[in-house]
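any chance you can model this:
(one chain, ligands or ions: 2)
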Amino acid sequence: MAAPRNIVQPSLGEAVSYSMSLSPTNTFHSPPPGHGSFMTGGFDLRAAVKQLKPFNTEDIKILLLENVNETGRDMLKGQGYQVEFLKTSLPEDQLIEKIRDVHVIGVRSKTHLTAKVLKEAKNLLVIGCFCIGTNQVDLDYAAKQGIAVFNSPFANSRSVAELVIGEIISLARQLGDRSLEMHRGTWNKVSAKCWEIRGKTLGIVGYGHIGSQLSVLAEAMGMSVIYYDIATLMAIGSARQVPTLEALLEQADFVSLHVPETQDTANLMSAKQFECMKMGSYLINASRGTVVDIGALVKAMRVGRVAGAALDVYPNEPAANGDYFVNNLNGWAEDLRGLGNVILTPHIGGSTEEAQRAIGIEVASALVRYINQGTTLGSVNLPEVNMRSLTLDDHEHARVIYIHRNVPGVLRKVNGILADHNVDKQISDSKGDIAYLMADVSNIKTEDIKEIRDSLDALSSRILTRILY
Ligand SMILES: NC(=O)C1=CN([C@@H]2O[C@H](COP(=O)(O)OP(=O)(O)OC[C@H]3O[C@@H](n4cnc5c(N)ncnc54)[C@H](O)[C@@H]3O)[C@@H](O)[C@H]2O)C=CC1
Ligand SMILES: O=C(O)CCC(=O)C(=O)O
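Ligands and ions are numbered 1, 2, ... in the order given. Next comes the predicted model:
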């Protein structure tokens, strides 16, 4: 069982500001800040939001890794937080050194926030994954430490789907090879084994945000779409769900993978699955590197079972740009580089200006909301609890946030502590072993706040107490 953490609470001080500016040229495919429920957390605010404080905002230390977009950086800096920004990920030893000190960390897909790393993060309140995938974070461990995790669930989905459409055509026409040959000075005009994609069958594995978006685009290009998913999902357009992965592999000319990294998806495409694929079919993987057994893919390509592949993700990816796509990192790298009609990209599926700007804003907004207001709306590892913001009309109010182990009798004890105060509103929810309670208390004096905090901290169920006022 995780021990309760003692967050170093920054000193009492000035209120925080909720202002932010946006470039008028930005296009958003996620709801922008200030748009309906996005910033207000589902509530239509009629009165001015009260700026809550337990801290000087400049006491909040944020570490942003992996070149998080400037929209997100600016928004966090605009709050007055201390923001350190690095373009790359960090090796584990350096990450551990840095994470000891910070209240917030922002990462993308390459920074592994394992239990070993998070154990050292004594002050960490919240993690922002500026991407879709959250497999790089030990979500359970984080929850047990009371560390909230937020991501951006669909802001780069369209970018991935568009990349895949480009790759389907490129593989069918062997564009990568023709272009390489021309770069080397060779004119090689061929039509053998080059195809139109019209009328071909695309098999999508994982029909979530990206898979379903790809389905729409592929049908618009004249393809037939089938999909396999562990959930029964509504087909979009004329797409058709098939009952098994094998059924999909037997029918598809192009197979595109869009599943998350889980225990079940490790080596989802292995020797047995390649044998089920049609002779001369194509594979695209822009999900996670662990989903494909690449050694088995190389073999399937050498015997012509697979006529081309586009890979955007790899089991081991380097922390920074450079000459890293070699066997030291992944044992089969040279084999892949030697094969014809293989498109290799450095995990750029979500790397567009549009996606990165939208992700920056979406995740930074969630972080600001969590730090300043305590609402967990959109958290991937804590129960989602949302309460309307305190307004300027709410004098002498405090917002009590108590993250605790989900064990019997806690609410009775918490309500005992709050019993002599006027609890205006209270919400509690649980997710597995963890529960999150928020209560707005009125007619409260500064000395009451300390007493409430000390009493809550003394409960055996406590993971983390925060009081915003
Ligand atoms: N290459 C890149 O830059 C990017 C890669 N990704 C990756 O793509 C993945 C998918 O993204 P979304 O579509 O947004 O996720 P999503 O969560 O919306 O959809 C995933 C779908 O996969 C299904 N699924 C899960 N396990 C499965 C299994 N064993 N077999 C079949 N279906 C299974 C789920 O039921 C769900 O419908 C992400 O988890 C991430 O790892 C996401 C964005 C960018
Ligand atoms: O762009 C990135 O850093 C990661 C994209 C990705 O794989 C994701 O969003 O899950």
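
for the rest of this, base every contact and every neighbour count on C-alpha atoms.
Will do.

residues contacting the residue lying closest to Q174 once chain neighbours are set aside?
Using CA to CA, 6 or more residues apart in numbering and skipping residues adjacent in sequence, the residue nearest Q174 is N341, 5.7 Å away. For N341, the contact set (CA atoms under 8 Å, 6 or more residues apart in numbering) comprises L171, Q174, L175, G176, D177, A307, G308, A309.

the second one contacts E196, correct?
So the one you mean is Q174. No: between Q174 and E196 there is no contact under CA atoms under 8 Å: 11.3 Å.

what does the stretch 151-300 of the chain put close to ligand 1?
Applying CA under 6 Å from any ligand atom, we find that the stretch 151-300 of the chain lies next to ligand 1 at 154, 156-157, 160, 205-211, 228-231, 258-261, 264-265, 286-288.

which among the residues you listed end up buried?
If you count burial by 16 or more other CA atoms under 10 Å, the buried members of these come out as 154, 156-157, 160, 205-211, 228-229, 258-261, 286-288.

quick revisit: of Q174 and E196, which one has the most company?
Neighbour totals were compared for Q174 and E196, and Q174 leads with 23 against 12 (other CA atoms under 10 Å).

measure that one to E181 for me?
In this view, Q174 and E181 are 11 Å apart by CA to CA, to the nearest Å.

tell me, what's touching these two both at once?
Among the neighbours of Q174, none is also in contact with E181 (CA under 8 Å, 6+ apart).

so what's M438 up against?
M438 touches V385, M387, R399, V400, I401, Y402, Q426, I427, S428, counting by CA under 8 Å, 6+ apart.

and the gap between the closest residue to ligand 2 within the stretch 201-350 of the chain and ligand 1?
Among all residues of the stretch 201-350 of the chain, G350 sits closest to ligand 2, at 4.8 Å; criterion: CA to the nearest ligand atom. Shown here: G350 relative to ligand 1, a distance of 4 Å by CA to the nearest ligand atom, to the nearest Å.

does the spatially closest residue to L245 that is not a sequence neighbour have any beta-bridge partners, and if so which?
Among residues not flanking L245 along the chain, Y228 sits closest, at 5.9 Å (CA to CA, 6+ apart). Beta-bridge pairing for Y228 (DSSP bridges): V205.

need the pLDDT of Y228.
Looking at Y228, its pLDDT stands at 99.

how about L437: what's its closest non-neighbour residue?
S428 (4.2 Å).

over to N327?
Here the residue nearest N327, using CA to CA, 6+ apart, is A333, at 5.1 Å.

could you report the neighbour count for that neighbour?
17.

kindly indicate which of the contacts of M438 lies nearest ligand 2.
Using CA to the nearest ligand atom, V385 comes nearest to ligand 2 of the contacts of M438, at 24.2 Å.

mind checking how far the closest one is from A218?
38 Å.

and if you look at H103?
For H103, the distance to A218 (CA to CA) stands at 43 Å.

can you name the residues that contact L139?
Counting by CA under 8 Å, 6+ apart, L139 makes contact with V149, V380, N381.

for the most far-flung residue of the chain relative to its centre, which non-adjacent residue is spatially closest?
Residue distances from the centre of the chain (CA atoms, centre = their mean) peak at W187, which lies 43.6 Å from the mean C-alpha position. Among residues not flanking W187 along the chain, E181 sits closest, at 6.9 Å (CA to CA, 6+ apart).

host element of that neighbour?
Per DSSP states H and E, E181 falls inside helix 175-183.

buried ones in that helix?
Quick answer for helix 175-183 (16+ other CA under 10 Å): L175, G176, D177, R178.

compile these into JSON lines and extend it with columns for pLDDT.
Output for the buried residues of helix 175-183, formatted as JSON lines (pLDDT from 0 to 100):
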{"residue": "L175", "pLDDT": "98"}
{"residue": "G176", "pLDDT": "98"}
{"residue": "D177", "pLDDT": "98"}
{"residue": "R178", "pLDDT": "98"}
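
N123 versus T265, what's the distance?
34 Å.

rewinding a little: show me the contacts for the residue nearest to N327.
A333 neighbours (CA under 8 Å, 6+ apart): F325, V326, N327.

pretty sure the last one sits against E317.
Just to be clear, that refers to N327. No: using CA under 8 Å, N327 is not in contact with E317; the gap is 11.8 Å.

for these two, indicate the residue with more neighbours.
E317 (17 against 11).

what score does the more buried one have for pLDDT?
Confidence for E317, expressed as pLDDT, is 94.

what's the local residue count around K189?
Neighbour tally, K189, other CA under 10 Å: 7.

so it versus ligand 2, what's the distance?
36 Å.

now that residue: how far from ligand 1?
On the measure of CA to the nearest ligand atom, K189 and ligand 1 end up 31 Å apart.

if I pick the residue of the stretch 1-150 of the chain found nearest ligand 1, what's in contact with it?
Nearest residue of the stretch 1-150 of the chain to ligand 1: G133, at 4.4 Å (CA to the nearest ligand atom). By CA under 8 Å, 6+ apart, the contact set of G133 is S109, N151, P153, P260.

element containing it?
Using DSSP H and E, no helix or strand contains G133.

what does Q273 give?
Q273 belongs to helix 271-276, assigned by DSSP H and E.

who does whichever helix or strand comes after that helix pair up with?
Next helix or strand after helix 271-276 toward the C-terminus (DSSP H and E): strand 281-285. Strand 281-285 has its sheet partners listed here by DSSP bridges as strand 254-257 (parallel), strand 306-311 (parallel).

for the first one, which outside residues touch it?
Residues outside strand 254-257 that contact it (CA under 8 Å, 6+ apart): 164, 168, 200-206, 211, 249, 281-287.

from the residues you listed, which are also near ligand 2?
Okay, of the contacts of strand 254-257, nothing touches ligand 2 (CA under 6 Å from any ligand atom).

burial of G331, as a residue count?
14.

so how far is Q145 from it?
Applying CA to CA to G331 and Q145 gives a distance of 36 Å.

if I pick T290, what's in contact with it?
With CA under 8 Å, 6+ apart, T290 has these contacts: E261, T265, A266, N267, Y314, P315.

mind checking the SS state of the first one?
The three-state label given to E261 by DSSP: H, G, I helix; E, B strand; the rest coil is coil.

now do the second one
Each residue gets one of three states, and T265 gets coil by three-state DSSP.

just the pLDDT at the residue of the stretch 1-150 of the chain closest to ligand 1, thanks.
So G133 comes in at 96 (pLDDT).

with G42 instead?
Looking at G42, its pLDDT is 40.

how about E447?
88.

the helix or strand hosting it packs against which elements?
According to DSSP H and E, E447 maps onto helix 446-457. Applying 3 or more CA pairs under 8 Å, 6 or more residues apart in numbering; DSSP states H and E, we find helix 446-457 packed against helix 410-418, strand 462-468.

assign G203 to helix, strand or coil.
Once three-state DSSP is applied, G203 turns out strand.
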